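Visitor: what would the 3D arrangement of this be:
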Amino acid sequence: MKRVLQSSVAAVATGFVALGTSAAEPRARDLGVPFDGQPGPLNAITDVRGVEVGHSTIVSGEPGGKSAIVRTGVTAVLPRGKRDPGEAVFAGWFTQNGNGEMTGTTWVEESGLLYGPIMITNTHSVGVVRDSVIRWFLDHYDFKTEDWWSLPVVAETWDGWLNDINGFHVKPENAFAALDAARGGPVAEGNVGGGTGMICYEFKGGIGTASRVVKDESGDYNVGVLVQANFGRRPELLVAGVPVGKEIPEEPAYAALEPQRADRDMGSIIVVVATDAPLLPHQLKRIARRATMGIARTGAVAGNSSGDIFIAFSTANPAAAEAKGLPALAMLPNERITPFFSATVQATEEAIVNALVAARTMQGFDGHRAIELPHERLREVLRKYNRLQ
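Guide: Below you'll find the predicted structure:
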C-alpha cells in the first residue's frame with residue numbers, strides 16, 4: 001500500500017480544534033494518588049511503540065445564547081500509526097454490559113484481526129465517524145479499490161447531558177482531523193476529543209490513559225490503556241481504595257434525575273488496551289476482559305444503562321495478516337500471561353482516575369453542569385485515610 005498522506009491539521013474552524021498528543025493538565029500521580037505497578041516513560045497508551053492518538057474537540061455555544069450548545073468530539077487510536085494504519089494487528093474484544101456500541105467487532109471476533117484505527121465519539125455520531133474513516137483511507141492511501149473493503153471500529157459513550165447530541169454536530173472533517181492529528185508522545189486527557197462532554201462518577205470525566213511495564217524472561221513489554229470514561233454514580237467512586245465519592249458528595253451531575261431515575265445510572269466506558277507483547281487473539285480477548293477489574297477498582301458495578309466495551313490489540317507479529325506463505329508468529333505462553341492481566345487492571349484503574357483529575361468543570365446543554373473533581377479535596381480525603389503518597 002503506497003502512502004500518500006498529506007500534512008496533518010493542527011487547528012481549524014472556530015470552536016473546533018484538533019489535538020495530537022499534548023498533555024497539559026496535572027495527572028493523578030502529580031497529586032499523590034498511589035497506584036500499583038511500574039508505569040512506562042509516558043504513563044500512556046503511546047508507550048506501546050507505534051501507537052498514535054489524536055483528538056478533535058468541538059466546543060461552541062454558551063448557556064443562554066442563541067446557538068447550539070456543542071460539547072463533543074472524536075478520538076482516534078492508530079495501532080500502527082499513520083505509517084500503515086491498514087496493516088492488521090491481532091485483537092480481541094469483550095463487553096461487560098452491552099448498552100452501547102462498538103462497530104466492526106463482529107469481524108474482529110471472527111478473524112482475530114483489527115484493521116485500521118479505533119475511533120471514539122458520542123452515541124449519535126457513530127455512523128458519520130465510521131463512514132469518515134473509510135473516506136479518509138481512500139483520500140490518503142492508494143488501494144486496489146476493486147477488492148478493498150473496510151469495517152471500521154467506532155465506539156461511543158453518551159454525552160447528551162452536556163452536549164446537544166441530537167444536533168449531529170460531529171462532521172466528517174472532525175473525524176479526519178482526529179486521524180490527521182494522531183501522534184505518539186504524551187496524550188491529552190480530560191475534556192478532549194470524544195471525551196469532551198463526558199461525565200464520570202457524576203464529576204466531569206473524559207479521556208484518560210496510563211501504562212505499565214511488564215518484565216518477562218523474553219524481555220520487557222508495555223501495556224497501555226486509553227479510556228473514554230462516562231460512567232458511575234457518585235457514591236460508588238473509589239480512588240486508591242478510598243470512598244472519595246461519599247466524602248465529596250456535592251453537586252452530582254445527574255441529581256436532577258432523582259425523581260425519574262433513582263439510580264442515576266447514565267453512563268458507559270470504552271477501554272482500549274494496547275501491548276507490544278506477542279499475544280494471539282484468544283489471549284487478547286482474555287486481556288480485554290481484565291479491564292472490568294480495573295473499572296471495579298474505581299467502584300462501578302456495570303449498571304443496566306452502561307455500555308462497558310473493551311478492545312485489546314498487540315503490535316507484535318507484523319505479519320499477522322500476511323496472505324502468502326506461512327507467517328512466522330511469536331506467542332507468549334499462557335503460563336506467563338498473568339502479569340499482563342495485572343498490568344491491564346492497574347493501567348485501566350489509573351487511566352480512569354487520570355481522566356477525572358484532568359477534566360475541568362463544564363457548563364453545557366439545557367443549563368446542565370458537571371463539576372471537576374477538586375484536587376485539594378481529593379488530597380485531603382486521601383490524607384484522611386493515610387493514602388496520600
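
Visitor: going forward, measure contacts between C-alpha atoms and count neighbours the same way
Guide: Fine.

Visitor: so for the protein, the centremost residue is which one?
Guide: The centroid of the chain falls nearest to Val227 when counting by CA atoms, centre = their mean (2.9 Å).

Visitor: tell me the confidence at that one?
Guide: On pLDDT, Val227 comes in at 99.

Visitor: quick one: strands adjacent to the strand or helix carrying it?
Guide: Assessed by DSSP states H and E, Val227 sits inside strand 219-230. If you go by DSSP bridges, strand 219-230 pairs up with strand 206-216 (antiparallel), strand 268-275 (antiparallel).

Visitor: break down the stretch 251-389 of the chain into its strands, ranges please.
Guide: 268-275, 307-314, 362-363, 369-370 (DSSP state E, counting those that start in this stretch).

Visitor: which strands and helices sit next to the helix or strand of the chain with the lowest mean pLDDT?
Guide: When the helices and strands of the chain are scored by mean pLDDT, DSSP states H and E, strand 16-19 comes last with a mean of 72. Judged by 3 or more CA pairs under 8 Å, 6 or more residues apart in numbering; DSSP states H and E, strand 16-19 is in contact with strand 52-60, helix 172-181.

Visitor: so can I have a markdown table of the ones you listed showing mean pLDDT and mean neighbour count?
Guide: Output for the helices and strands packed on strand 16-19, formatted as a markdown table (pLDDT from 0 to 100; neighbours: other CA atoms under 10 Å):
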| stretch | mean pLDDT | mean neighbour count |
| --- | --- | --- |
| strand 52-60 | 98 | 27 |
| helix 172-181 | 98 | 25 |
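
Visitor: for Ala320, which of these is the nearest?
Guide: Among the helices and strands packed on strand 16-19, strand 52-60 comes nearest to Ala320, with 19.4 Å by CA to CA.

Visitor: what angle separates that closest one from strand 219-230?
Guide: Here strand 52-60 runs at an angle of 10 degrees relative to strand 219-230 (axes from the mean of the first three to the mean of the last three CA atoms, to 10 degrees).

Visitor: now the element after strand 52-60, going C-ward?
Guide: Downstream of strand 52-60, the first helix or strand assigned by DSSP H and E is strand 70-78.

Visitor: after that following strand, which helix or strand is next? Please name it.
Guide: With DSSP H and E, the next secondary element past strand 70-78 is strand 89-98.

Visitor: residue contacts, the residue nearest to Glu350 when sequence neighbours are not counted?
Guide: Closest residue to Glu350 apart from its sequence neighbours, by CA to CA, 6 or more residues apart in numbering: Ala210 at 6.0 Å. Contacts for Ala210 (CA atoms under 8 Å, 6 or more residues apart in numbering) come out as 39, 42-45, 224-226, 347-348, 350-351, 354.

Visitor: what's the answer for Val244, then?
Guide: 235, 237-238, 378, 381-382.

Visitor: just the pLDDT for it.
Guide: For Val244, the model assigns a pLDDT of 98.

Visitor: the lengthiest helix in the chain: how far from the chain's middle?
Guide: In the chain, taking DSSP state H as the definition, the longest helix is helix 338-358. With CA atoms, centre = their mean, to the nearest Å as the basis, helix 338-358 stands 12 Å off its chain's centre.

Visitor: now it: mean pLDDT?
Guide: Mean predicted lDDT for helix 338-358 stands at 98.

Visitor: now that helix against strand 268-275, angle please.
Guide: Here helix 338-358 runs at an angle of 130 degrees relative to strand 268-275 (the same axes, to 10 degrees).

Visitor: and the angle from helix 338-358 to strand 307-314?
Guide: Helix 338-358 runs at 130 degrees relative to strand 307-314, counting by the same axes, to 10 degrees.

Visitor: now do the helices in the stretch 101-250 of the chain.
Guide: Listed in chain order, the helices of the stretch 101-250 of the chain (DSSP state H, counting those that start in this stretch) span 105-111, 126-140, 172-181, 244-247.

Visitor: for Arg297, give me the pLDDT.
Guide: Looking at Arg297, its pLDDT is 98.

Visitor: you'd agree it is up against Val242?
Guide: No. Arg297 is beyond contact range of Val242, at 10.2 Å (criterion: CA atoms under 8 Å).

Visitor: and stretch 226-234, what's buried?
Guide: 226-234 (16 or more other CA atoms under 10 Å).
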